Structures are given as structure tokens and as C-alpha cells.
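Trainee: Predicted model and sequence below, questions to follow.
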Amino acid sequence: MVATSDKTPAKGTIGSGNRKPGESTSQAWLKEDSVPIVEFRDVTKRFGDFTAVDNVSLKVYPGEFFALLGPSGCGKSTLLRMLAGFETPTSGTILLDGKDIASTPPNLRPVNMMFQSYALFPHLTVAQNIAFGLKRAGMQKGAVEERTREMLRLVKMEQFSGRKPHQMSGGQRQRVALARSLARNPKLLLLDEPLGALDAKLRESTQFELVNIQEKLGTTFIIVTHDQEEAMTVATRIGVMNHGVLAQVDTPADIYENPKSRFVADFIGDVNLIAAKVGGARKVDGEDCIHFTVDGYKQDFVARSAEPLAKGTEAYLAIRPEKITISKSKDTQAANQIEGTVDDIAYVGNLSTYHVRLANGSVIKAQEANRRRISNRQITWEDKVWLSWTAGGGLLLAN
Amino acid sequence: MSGKWRMLTLIGAPYLWLLLFFLAPFVIVLKIALSDTAISIPPYTPQFDLSGGWPAISDFFSNLDFENFKWLIDDSLYINSYISSLTIAFFSTLLALLVGFPFAYAMARAPDNWRPLLLMLVILPFWTSFLIRVYSWIGILKTEGLLNQLLMWLGIIDQPLIIMNTNTAVYIGIVYSYLPFMILPIYSTLEKMDESLLEAAIDLGCNRISAFWLVTVPLALPGIIAGCFLVFIPAVGEFVIPDLLGGTQTLMIGKTLWKEFFSNRDWPVASAVAIVLLLLLVVPILIFQRLLERQQEAEAR
């Protein structure tokens, strides 16, 4: 009954927060001849004067777990609702399996949605909720029961089949909603902030479970979320949205390591953005880099760049706090080093973030794992410290 | 005052109210129903008199009997009145539901900023006296009234319709008067309904019509039940509307009771009519409360 993927799903490949690339989707987006299951072509959606989705083109491939990530109001939910059929695009086409779905009403699309509020029918039991869509499809009574049991097993809710939604916890309701939306075996499952109502611990374990279920079924999932950690954990690829525009579509690792714009760098994780003046190209250990200067410092710095930058261009160095090493003495080996004063220390248990004030007044955050107890910490407030990082650690972004 | 006393007072106050203004009058009416009619003031016998001592009290109780209740069964007028009242109330409730549900649905689906205004419009008729509103229907429904004038002017009819003083006029009056009681509880359940439930139903293969029957109606059921009781119960005992709009052939128990009480001055029979009416209504009220409790239990979780 369940259309399982012909590729053997990898088990436990996500411990690091990322899937092993290529194991569940074969990186279809890298191949020229891959056929997308969903394609947005220049899709725009306006509500009155407000443009919710602005000329978005996007391809999602079969078996993908695609995450639409962005701040609230960025248009990610609208994109999802257009796919489900609850909104119609103002212009542009949406193709599902190569066919334009504009004229297909939502109840006839081979797409199901898991709602943010779960939208479980309060007057029906868990089993009746799951069977709801199956009965509408005209399935025989015996088959409905069989499929309902199968779905309950999938989400480990067999013993709750007779409960009403109000008799369950948020996490249990979430599972039932997932089972209900998967029961009709859709080609595409849309998840609108599916874990938004769960507490942090439960959310984390549910993310992994969601990935396991997705890999088991091989169904294409598109998830909408504003939680970047969630997107990084579950997704094969992430589409970062801002003001109705797709800012970047890439794998979680590329989104994090190679953001293409200041918005993406800033939205995903924590980042230092330091104003830089481009000097010119330079090779470091065989890698193409660009050297630049920072206001207030005489020495040269070096970093990667997403695109070639002309000499004298104003740019920004984007560097993650965990990629910066902090020490009391100068490290002559490091490609980049800069001196500053410790302004503040944020201790969060496993990590400490040092806020270091530079000579030009700007502040850089450097993060260190607290491998030693806090009482043995070497660095304290107002200390003169040296920050260092490798050539590949930072990324220059054009303005 | 200790917390225990405060709690007892809080719980006791409504019970005291019910005891004074519901149970005590009921006992008095029951007592009159068990008495015999007499030409005196008040027009029934025996009368309760403590000054006569124990023999007078025991004499009083031995003079009470169920003769009036037997009379209600023997004379077909009363049974016909009850049946007619229940029938009129039943169909009026059904009509009010058919008219009221679309109203409530439209209100609940209206834009947020319209809703207070729409709610106001539903409640607005209450600002005019009930009696005046029913009276004004006479001006609309009578043979040379506004409705007939309009229909004839439009050329839809060439003979005036006889509506006034018929059961049709009674139905119109009851549905009109009690419509807000149907609309408000249904509106309150529909308004609370999460719209994503309908989207979920459509997502799972429903069209608009089946989504309505499978999701909207079951979820509105508590409101529908509440509205039906709020219309049915007062409609059964309705007196003003059949008296003003109905004809001589319109039998309703409220009207019969009024005649018994004021025209015949037969307080004991009138009281018996009232007691039976009360019992006829208490059963649906108890069912209603049971349903309400169940709904509240469900919502409390």
C-alpha cells in the first residue's frame, strides 16, 4: 500500500543534524535530467497591495524533504497553501508531476497537508480522523480499517485509536495529524510548522522521527518552518525566503557554510558581519581567496568569497563565532588574527561566547566550548585577547 | 467570616433564589391545582389555615384531590391544546432553525470587523417591546395590510391572502420573535470553529457540501440543540402570539390557560394546566442540561 522508495533508506544517518548526502534522494537537484515532482514557474501571489510571494521559481524532486525557511510573513506559508490549492497564484504556474494544477480543486489534488493547528476533527476519534480521508476516497470498509491500523502503527498510536483529540497531549495530536495526512498516500505531503506547538525537547525527538517516517515511505515532504535548527535537521535542501523572494536554495551545509547573501548568513545561526575593504585575489593553500583590510587595522586579512570582488569594493566578512579561536597570545600560524578587548562573556553551560571589542569599535563574537570548568577559565573581562581564524573560515559577501 | 462560610453563602445564594421564586410558587400552584373552585376570594377551597390547629390542617389535606387533573384528560379541549401547542412549537422550531442557521453561518463567516454590527442587528429587536413587535405584525399581515398591498402592487396575487388570524400568522409570529434565540447559540459555536478544520476536510477529499455536513454541522450541534430548546420551550407556552395573530381555531395551551384563569375564573383547573405544561417542559429541559454539561465537560479539557 505504502509506496516505498526503491532506494534503500539509510538509517541513523542524521545524528550530526544532517543527512548523508545522496542516500535518500540521490542529490537529484545536481543532475541535469532529474524530473521534479513540484515546479513553481515565476509564481507571484498578491493580497491587495501586499506581495506575499514574488516571482518564485523552484523545483522540488521526488523523495526530497524540502524545507521552506524564513521569518514570519516571508510568504513561505502562502507558497505551501498555493500547492495545496487553498490559494491561487496571481501569476505563474505550478506543476505537479509535470501537469499544471491550476484547474484542479484542492480536494482532487494528490497532495495532503498537515496543518499547524493540526486541525483534527474534535467530534471524531483518532481512528475516525485517520479514516476520514480514506472514506472520502471511496475505499471499502475493510480496507479503511486496515489502512487506519497501518497508519496508527506508523506513528505508534495504536492504543489511542478510540480517543478524542481533546483527550490527548500536543505531541500525540501531532502524530495523529501526521498519520491522517499520510493515510491517503499522497504524492506530496505539505507540513505547515508541524512542530511549532511542541516544547523544545519533544520537538527535537519528533524531528528525527519525522525524518525516519519520510525515509521509510519515500514520500516527498515540503515543510514550512521559521526554526532554522529544525530545517537543518530534517531537510535535504532548504529554501530560505525573505519578503516573498527565495533568497537561496541549497543543502543545509551549504546554506550554513556558503550563504550567498547577508540575509541568509544572518538568518541562519549566529554570524559576525565585519565591514571590509577588498584588496585583491590571493591563493591560500591552493584555494582561491581574497585579501582585504578592516578599518582600524594595518594588517591584511584573507577569506573565501562567493563571487569575484574588485579591488576597493566595500564588502562584509561573514564569520561564525565558533570558527574563531580566542587566546591570550598571538598565534603566528593562523591566516587571520586581530587584537581586541573582552567586553562581555555569555556563559550558557556548554559554550561561552566572548564579545570582543575591536579597535574600530565594532564587536566580534567568538565561541569556545567549555572543556574546562568555568573556575579554570583563562580569559576574563577587559583582557587583551587575540582572535584568529583560518582563510576558509570566513566568507566575503558583497554589499 | 471563614472561607467555609463564604463558600456556603456563594453556593447557597442561587439555591435560596430558586427556593423562594421557583419552588415556593410551584408548591402554591400545585396546591391550588389540587383544590376545588369556589365563589370566594381567592376563588378556591380549601384554604390553608394554621389557626384551626391540627384538626384543621388534617381536614385541609383530606380536601385536596386530583379531580382537576382527571378533568384535563376527560375534556378533549386540553389534550388537543397540548398537542396543538407541541406541534406548533415543533414546526416553529424547525422553521427557526432553517432560517436561523444560514444567518448564524453568514455572521460567523463575515469579516471580523463586521461581526459586532451584525450581532447588534440580531439583538436590536429586543430594544422594542415584544408586545409592540407582535402587534405590528397585524399591520403587515391583515387582509388590507402591507404584505398584501405589496404583493398585489407587484402583481404576484390579485386577491389578498388570508394570513391574519390563521395558524400561518402564528408560525410567522413565533419564528420572527424567537429567531434571535436560535441564531445566537449557533453563531457562538460556529464562530469558535477553527477554519482550518474545513480546509483539512477539503484537503482530505471533501467538497464544500460534504465538508459542511461532515464537519460544520456536527461541530455546530451543541449550538443547534441549545437554539432549538431556547425556541421550543417558550413557544410551547406562548400566549401573546396566538392570542394576537391566531384565529379562534388556533388552539394553544397558553391561550387555554389564560381563558381558564380569567374568563372562567377556574383557578384550580388553570393551575392543573400549568402543572402539566411544566412537566411537559421539564423533561426536555433536563435533556438539554445534560447535553450542555457534556459539552462543557468536553470543553473543559
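Mentor: Received, thanks. Residues are numbered from 1 along each chain as shown, chains lettered A, B, ... in the order given.

Trainee: which residues of the stretch 51-200 of chain A fall in helices?
Mentor: Applying DSSP state H, counting those that start in this stretch to the stretch 51-200 of chain A gives helices spanning A:76-84, A:126-136, A:141-154, A:170-183, A:200-217.

Trainee: for chain A, what are the nearby residues on chain B?
Mentor: For chain B, the residues in contact with chain A (C-beta under 8 Å from any C-beta of the partner chain) are B:194, B:196-197, B:199-207, B:210, B:214-215, B:218-219, B:221, B:298, B:301. Where C-beta positions appear, they are placed from N, C-alpha and C, glycine not excepted.

Trainee: Recalculate using a threshold of 10 Å.
Mentor: B:193-208, B:210-211, B:214-215, B:217-219, B:221, B:297-301 (C-beta under 10 Å from any C-beta of the partner chain).

Trainee: Grab the most central residue of the chain for me.
Mentor: No chain specified, so I'll use chain A. A centroid search over chain A (C-alpha atoms, centre = their mean) returns A:A231, at 2.7 Å, as the residue closest to the centre.

Trainee: let's do chain B instead
Mentor: Central residue of chain B (C-alpha atoms, centre = their mean): B:P234, at 1.2 Å.

Trainee: in what helix or strand does that residue lie?
Mentor: helix B:217-236 (DSSP states H and E).

Trainee: And for A:K365?
Mentor: Here A:K365 is assigned to strand A:363-369, by DSSP H and E.

Trainee: pLDDT wise, what is the closest residue to B:A226 other than its chain neighbours at?
Mentor: For B:A226, ignoring the flanking residues on the chain, the nearest one in space by C-beta to C-beta, 6 or more residues apart in numbering or on different chains is B:P185 at 3.9 Å. On pLDDT, B:P185 comes in at 96.

Trainee: How many residues are close by B:P185?
Mentor: B:P185 sits with 21 neighbouring residues when counted by other C-beta atoms under 10 Å in any protein chain shown.

Trainee: Wait, a helix at B:F61?
Mentor: Yes. Under DSSP: H, G, I helix; E, B strand; the rest coil, B:F61 falls within a helix.

Trainee: Could you measure from it over to chain A?
Mentor: 53 Å (C-beta to the nearest C-beta, to the nearest Å).

Trainee: ok, that residue - contacts?
Mentor: B:34, B:46, B:48 (C-beta atoms under 10 Å, 6 or more residues apart in numbering or on different chains).

Trainee: ok, those residues vs B:A226, which is closest?
Mentor: Comparing the contacts of B:F61 against B:A226 with C-beta to C-beta picks out B:L34 as the nearest, at 34.9 Å.

Trainee: The closest one: what's it in contact with?
Mentor: B:44, B:46, B:61, B:63-69, B:268, B:271-272, B:275.

Trainee: Tell me the spacing between it and B:T45.
Mentor: According to C-beta to C-beta, to the nearest Å, B:L34 and B:T45 sit 11 Å apart.

Trainee: before we move on, what about A:G218?
Mentor: Distance from A:G218 to B:T45, by C-beta to C-beta: 90 Å.

Trainee: Comparing those two, which shows the higher neighbour count?
Mentor: The neighbour count for A:G218 versus B:T45, taken as other C-beta under 10 Å, is higher for A:G218 (17 against 14).

Trainee: before we move on, back to that, which of the contacts of B:L34 fall in helices?
Mentor: Among the contacts of B:L34, DSSP state H puts B:61, B:67-69, B:268, B:271-272, B:275 in helices.

Trainee: Can you flag the buried ones in these?
Mentor: By neighbour count, with 16 or more other C-beta atoms under 10 Å in any protein chain shown, these hold B:68-69, B:268, B:271-272, B:275 as buried.

Trainee: what packs against the next helix or strand after the helix holding B:P234?
Mentor: With elements assigned by DSSP H and E, the helix or strand that comes after helix B:217-236 is helix B:240-245. When contacts are defined as 3 or more C-beta pairs under 10 Å, 6 or more residues apart in numbering or on different chains; DSSP states H and E, helix B:240-245 sits against helix B:76-109, helix B:130-141, helix B:167-192, helix B:253-258.

Trainee: how about these, which one is nearest A:S205?
Mentor: Judged by C-beta to C-beta, the one of the helices and strands packed on helix B:240-245 that comes nearest to A:S205 is helix B:167-192, at 32.2 Å.

Trainee: relative orientation of that closest one and helix B:130-141 in degrees?
Mentor: Relative orientation of helix B:167-192 versus helix B:130-141 (axes from the mean of the first three to the mean of the last three C-alpha atoms, to 10 degrees): 120 degrees.

Trainee: Buried residues in helix B:167-192, which are they?
Mentor: For helix B:167-192, by 16+ other C-beta under 10 Å, it's B:167-190.

Trainee: now the helix holding B:P234 against helix B:76-109, angle please.
Mentor: 140 degrees.

Trainee: tell me what helix B:217-236 is packed against?
Mentor: Right, helix B:217-236 is packed against helix B:76-109, helix B:167-192, helix B:253-258, helix B:267-300 by 3+ C-beta pairs under 10 Å, 6+ apart.

Trainee: Out of those helices, which is closest to A:F132?
Mentor: If we rank these by C-beta to C-beta, the stretch that ends up nearest is helix B:267-300, at 19.2 Å.

Trainee: Pull out the buried residues from that closest one.
Mentor: B:267-277, B:280-281, B:288, B:295.

Trainee: Check whether B:G223 really touches B:M107, as I assumed.
Mentor: No. Assessed by C-beta atoms under 10 Å, B:G223 is found out of contact with B:M107, at 12.0 Å.

Trainee: between those two, who's got more neighbours?
Mentor: B:G223 (26 against 21).

Trainee: Please name the spatially closest residue to that one (chain neighbours excluded).
Mentor: Per C-beta to C-beta, 6+ apart, closest to B:G223 is B:T189, 3.3 Å.

Trainee: Surely that neighbour and B:A220 touch.
Mentor: Yes. Using C-beta under 10 Å, B:T189 is in contact with B:A220, at 4.8 Å.

Trainee: if I look at the two, which residues touch both of them?
Mentor: B:104, B:108, B:227.

Trainee: Please give me every residue in contact with the first one.
Mentor: Counting by C-beta under 10 Å, 6+ apart, B:A104 touches B:97, B:118, B:122, B:182-191, B:220, B:223-224, B:227.

Trainee: which residues touch B:L197?
Mentor: Contacts of B:L197 (C-beta under 10 Å, 6+ apart): A:115, A:117-123, B:211, B:215-216, B:219.

Trainee: try it again with 8 Å
Mentor: B:L197 is in contact with A:119, A:121-122, B:215, B:219, counting by C-beta atoms under 8 Å, 6 or more residues apart in numbering or on different chains.

Trainee: Make a markdown table out of these and add pLDDT, neighbour count and distance to A:I364.
Mentor: Listed next are the contacts of B:L197 as a markdown table, based on pLDDT from 0 to 100; neighbours: other C-beta atoms under 10 Å in any protein chain shown; distance: C-beta to C-beta, whole Å:
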| residue | pLDDT | neighbour count | distance to A:I364 |
| --- | --- | --- | --- |
| A:A119 | 95 | 27 | 46 |
| A:F121 | 96 | 20 | 53 |
| A:P122 | 93 | 17 | 52 |
| B:V215 | 95 | 23 | 55 |
| B:L219 | 92 | 19 | 56 |
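
Trainee: Could you save these as a markdown table and add columns showing distance to A:T51?
Mentor: Putting the contacts of B:L197 into a markdown table (distance: C-beta to C-beta, whole Å) gives the following:
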| residue | distance to A:T51 |
| --- | --- |
| A:A119 | 27 |
| A:F121 | 34 |
| A:P122 | 36 |
| B:V215 | 32 |
| B:L219 | 35 |
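
Trainee: List just the nearest of those to A:G98.
Mentor: Out of the contacts of B:L197, the member with the shortest distance to A:G98 (by C-beta to C-beta) is A:A119, at 29.7 Å.

Trainee: I figured that closest one hits B:A200, correct?
Mentor: Yes. Between A:A119 and B:A200 there is a contact under C-beta atoms under 8 Å: 3.8 Å.
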